[in-house]
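Visitor: Below is the sequence, then the predicted model.
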Amino acid sequence: MMMLMAMVPAALNFFQLWHLVSRDWSVVDYSSDYDHAGDHRRPSGTDIIRIANKETNLNAYHKITTLRGTVDPKVVSISSDEIAAAATNDLTDRKANLLKDESPPNGELSSTKSPASAPNENIVDEEKNGPAIAILISNSKRDMRNLKIALKSVDEYMPHDNMTTPVLLFNEGNLNEEQKSSIQSITERPIHFPLVDFQQFPDGFNPETEEGNWKKRSKWGYQQMCRFWTTKIWEHPVLDDYSTYMRFDTDSCFTETLNEYPYLPGLPADKPYVYAANQFAKERPRFIAGLFELAKDYVALNNITVKNPELWEAVRERKIIYNNFEISNITFFRQPDVMAFQRAVSDSEPFGVFRKRWGDAPIRTLTLAIFAEATEVIWNSTIQQGYEHPCPMRHNKPKEHDEKKTQSDKAVALKMPDQCPEPKTGEIVLKGERHSGTNWIRKIIWQNIQGESMKIYMDSEDFGWKHGFLHPEAWGKPLSQNEVLVIVTRDVFTWLPKMMEQAYDPIMNRKRGQGISSYIRAEYGGICQPRKAKSCIEFNKNGSQYETAGNLIQIRTQKYKQWLSDDPSGGTYIGSKDSFLKNRIHLRLESLTADQNDDENGSPISNKELQRRLIGDPLRDRCVPMSDSFREVTTHTNQWASDKERNIKEQKTNKNKINANQKKKKMLEMYSKEDLRFVLSQLDLEFEKQLGYDYSYVYEILNGDTRTSIV
C-alpha cells in the first residue's frame, strides 16, 4: 500500500489530529529519507508521520501541511494507540512530549497577526466567510518587486474594503523571513503564506521521463501554475474560511479607482453569482489542441447538459476568459461534479496541462460553460479600464542587448536632442495631490520611455510619497541633477469633491460624513504615507499627524508652492538651482483632459498628439529617452479589442467626454454660494493664475446665479 507523509504542526490541537487520522487510518514509523512507494524525497516539514490509505488521507496531508508550512524536518513516529490515548486520556502530557521545544520555523503559514501574548494594534479581525485576495508567488527578486507594486495598487484603487481583505500569498515554502517582512511592510492587510507543492505530480505522469512543450522558469513550473489555478487551489484548506477569492497576478495592477464596483474583491450580493471576469482573449491553437474534444466526450459520457451553450461555442472558436483577474465563488467550484471535471482535465490522461500546455484560462471557461448558467456569470468588461496585465509599472530585468549597449550607443539609437550627448540616468519623480491624474500620467510616461536609464515608480523609495512634500518637508532625499520632477495640478473646485469621496487617509475620511460645507472647512490632518515605509516611520518618530493645515485648500496650496517654487529650499535639491528648475515640468490635468484643444491653426489636436506635446516632448527636451512612436494612453484602451470593437470604444470615449462635463456641473452644484466664496478666500489667487487657474466660471456663478457656463 502506498504511503503518504504528513506534517504535524506544533500548534495543531490533538483533537484536530484525531479527527483527521483516527477513523480508518493506521500510522506507522517513518525513518527513510525516501518515500517507499515512489522513491521521491519527502517534502520539507517538521514532525513527519506516515499515514496509510492514500485516497482518503490526501486531504489530511494538505490540511496538516497547510496549517503549518514547515522546513527542515525532524522525523517523529506516532502510533494509532498514542493518538487515541492523547485524544481520550492524556492530551496535555502527550502533546507536550511530542511537540516540546518546537518554535515556528521560517516556512510557517503566517500572517500579520501576532500571538495573543503580543497583540498587534494595527491588525483588523478578518471577516470569516468573506472574500480573500489570492496571489501565487515565487521567491524571485522580480516577483517580489512586482508584488509590492501590485499590492500598493490594490490598496490605492480598491480602498472601499478598508484594507481588511486578507491576502493569500501561495508559495512553495521558499520565502525567507526578510522577504515576508518586506511584503508585510507595504500594506495594512492581513498577509498569509499558505504552501503549495509543485514537486507533486498526478499519478501516472512521470516528470523525469516526460517532456513538455512549454518551459519558462523551470521545466514544469508553468504547467504546475496552470494546474494550481485549475484544481489544486480548490483542494487547499486555507480557502475553508472564505466565500470568494479575487485572483491577482504579481505582474498585474490597478491603475484607476474602482469605486464604481463596491463589491470588489467579492461578488455582488444582489444575485447568486458564481464568477466574474473582465475580458475575453483568443487562445493560440496549439495550446488548446484536444481540450474541447476531451470536454465534449466527458459531457457525453456523464450525461451532462451544458448550461451555457453560448460560452461553450466560444471555446470551440478559441475564445476564452482572460482569467489572470477573476472573482470566484469557492463553494461553486468545490462541488463534486465540478471538481470531478477539473481533475479529469488536469490530473488524468492525456495529461494535457503538462504535455500540451493546456492553460487554466480555457479550462476555467469550459468549467463555467458546463456547470454555470449564463446569469450566474458577470463580465466586468469595464473593470478592464482600471486593471492592467502586464502592469505598466512592473519591474523587469533589462534585455541582454540593452545591457551591452553603451550610453552613447543608446543616445544615437534613441535620437536624443542635440543638447543631450547621452540619455539622463536617474529617476522621474512624480508629484501631485490625490485625484490629480498622477497614475494616468505615470502610465503614459512608462509606456513611452525607452531603455533602462530612467525609472519611474508608484511611490519612490528615495523621494517619498507621490502626494507628499519634497525633502526637507517630508521623508526622502534631495533631488539631484539626474532626476526630472513632474508636477501635476488640478482645479481646486473639481478636486475637493473627489477628496471628500476618498482622501486615502483615515483622518480626513472620518470627516466626510457631514457634507461638503463642513468638509472643506475642517482642519486638515494626514498620516505619514506610505504608512509602513521605513523612511516614513523614521521621519515621523513621534507618531503624530504628519501633515497639518487649516483645511484641505491650504494643504494643497502649501504643496503646490513647495513643488513649484522658483526659490526652493536648499534641502530640496543637490547641485545648482538652475539645473533643478530646468529639470522640472508642470502639467495641468485640465490641459490633458480638455474637450477641445486646437493648434495654432485652429485645427483639433488628438489626445495622442496632446500627450506627446505636453508630456513626451518636455521629457525628451530634458534628456529622458522617449520613443519616437508615441503611444497614447486612455482610460478606455483594450489591448484585446478588434478594430470594430476599438471603433465602438472611441464612440464611448466621446460619450464619456460629455458625461465628464456633466459630472463637473454636478460637482459645482454641491457647493453653496457661501462655499464657493469660502474656497476663493482660502486661495492665493495670484499664485493660482500662475498655475493657469483664474476661476472665471466661479465668478460667473456668483454674479449670475447660474451654473450653465462652467464648461
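Guide: Cool, got the structure. Residues are numbered from 1 along each chain as shown.
Visitor: Who are the contact partners of the closest residue in space to Pro285 that isn't next to it in sequence?
Guide: Distances taken as C-beta to C-beta, 6 or more residues apart in numbering place Arg318 nearest to Pro285, at 6.7 Å, with adjacent residues excluded. For every residue, glycine as well, the C-beta is placed using N, CA and C. Listed by C-beta atoms under 8 Å, 6 or more residues apart in numbering, the contact set of Arg318 reads Lys282, Glu283, Arg284, Pro285, Ile288.
Visitor: elements contacting the helix or strand encompassing Gly525?
Guide: If you go by DSSP states H and E, Gly525 is part of strand 524-526. Strand 524-526 is packed against helix 506-509, strand 547-549, helix 552-564, with contacts defined by 3 or more C-beta pairs under 8 Å, 6 or more residues apart in numbering; DSSP states H and E.
Visitor: Can you give the contact residues for it?
Guide: Contacts for strand 524-526 (C-beta under 8 Å, 6+ apart): 505, 507-508, 545-552, 554-555.
Visitor: Pairing partners for it, with directions?
Guide: Applying DSSP bridges, strand 524-526 is found paired with strand 547-549 (antiparallel).
Visitor: and the strand it pairs with, average pLDDT?
Guide: For strand 547-549, mean pLDDT is 91.
Visitor: now do stretch 213-232
Guide: 88.
Visitor: Residues contacting that stretch, please?
Guide: Against stretch 213-232 from outside (C-beta under 8 Å, 6+ apart): 136, 138, 140, 170, 196, 198, 201, 207, 212, 247, 286-287, 323, 339, 342-343, 345-347, 353-360, 363-364.
Visitor: can I see the domain layout of this structure?
Guide: Domain assignment for the chain, taken from automatic domain parsing, gives 4-99, 130-388, 401-621.
Visitor: Could I get those domains in a markdown table, plus columns for distance to Phe678?
Guide: As requested, the domains of the chain are exported to a markdown table (distance: least, C-beta to C-beta, whole Å):
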| stretch | distance to Phe678 |
| --- | --- |
| domain 4-99 | 57 |
| domain 130-388 | 26 |
| domain 401-621 | 7 |
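Visitor: Point out the one among these that comes closest to Phe687.
Guide: Nearest to Phe687, of all the domains of the chain, is domain 401-621, at 6.7 Å by C-beta to C-beta.
Visitor: Could you list the buried residues of stretch 677-687?
Guide: Within stretch 677-687, the residues that qualify as buried by neighbour count (16 or more other C-beta atoms under 10 Å) are Phe678, Val679, Leu680, Gln682, Leu683.
Visitor: coming back round to it: inside helices: which ones of the contacts of stretch 213-232?
Guide: Within the contacts of stretch 213-232, residues falling in helices by DSSP state H are Met339, Gln342, Arg343, Val345, Ser346, Val353, Phe354, Arg355, Asp360, Ile363, Arg364.
Visitor: Pass me the low-pLDDT residue ranges in this protein, would you?
Guide: Applying pLDDT under 70 to the chain picks out residues 1-128, 217, 380-385, 392-416, 458, 531-535, 537-545, 594-603, 635-661, 705-711.
Visitor: ok, now with 50
Guide: Within the chain, the set of residues satisfying pLDDT under 50 comprises 1-127, 395-414, 596, 636-658, 707-711.
Visitor: In PyMOL, select just the buried ones from the contacts of Arg318.
Guide: Entered in PyMOL, the line below selects the buried ones among the contacts of Arg318, by 16+ other C-beta under 10 Å:
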select buried, resi 283+288
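Visitor: Which of the contacts of Arg318 fall in strands?
Guide: Among those, the members found in strands (DSSP state E) are Lys282.
Visitor: which stretches of the stretch 401-550 of the chain form strands?
Guide: 426-432, 454-455, 484-489, 524-526, 547-549 (DSSP state E, counting those that start in this stretch).
Visitor: Which secondary structure elements does the second one sit against?
Guide: In this structure, strand 454-455 packs against strand 426-432, with contacts taken as 3+ C-beta pairs under 8 Å, 6+ apart.
Visitor: now the strands of the stretch 401-550 of the chain in a markdown table, with mean neighbour count and distance to Thr572?
Guide: Formatted as a markdown table, the entries for those read as follows, by neighbours: other C-beta atoms under 10 Å; distance: least, C-beta to C-beta, whole Å:
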| stretch | mean neighbour count | distance to Thr572 |
| --- | --- | --- |
| strand 426-432 | 23 | 11 |
| strand 454-455 | 20 | 20 |
| strand 484-489 | 24 | 9 |
| strand 524-526 | 21 | 20 |
| strand 547-549 | 18 | 17 |
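Visitor: which one is Ile363 nearest to, not counting chain neighbours?
Guide: Nearest residue to Ile363 in three dimensions, chain neighbours excluded: Thr230, at 5.0 Å (C-beta to C-beta, 6+ apart).
Visitor: Where do the strands of the stretch 151-300 of the chain begin and end?
Guide: For the stretch 151-300 of the chain, applying DSSP E, counting those that start in this stretch gives strands covering 167-170, 191-192, 242-247, 253-254, 275-277, 280-282.
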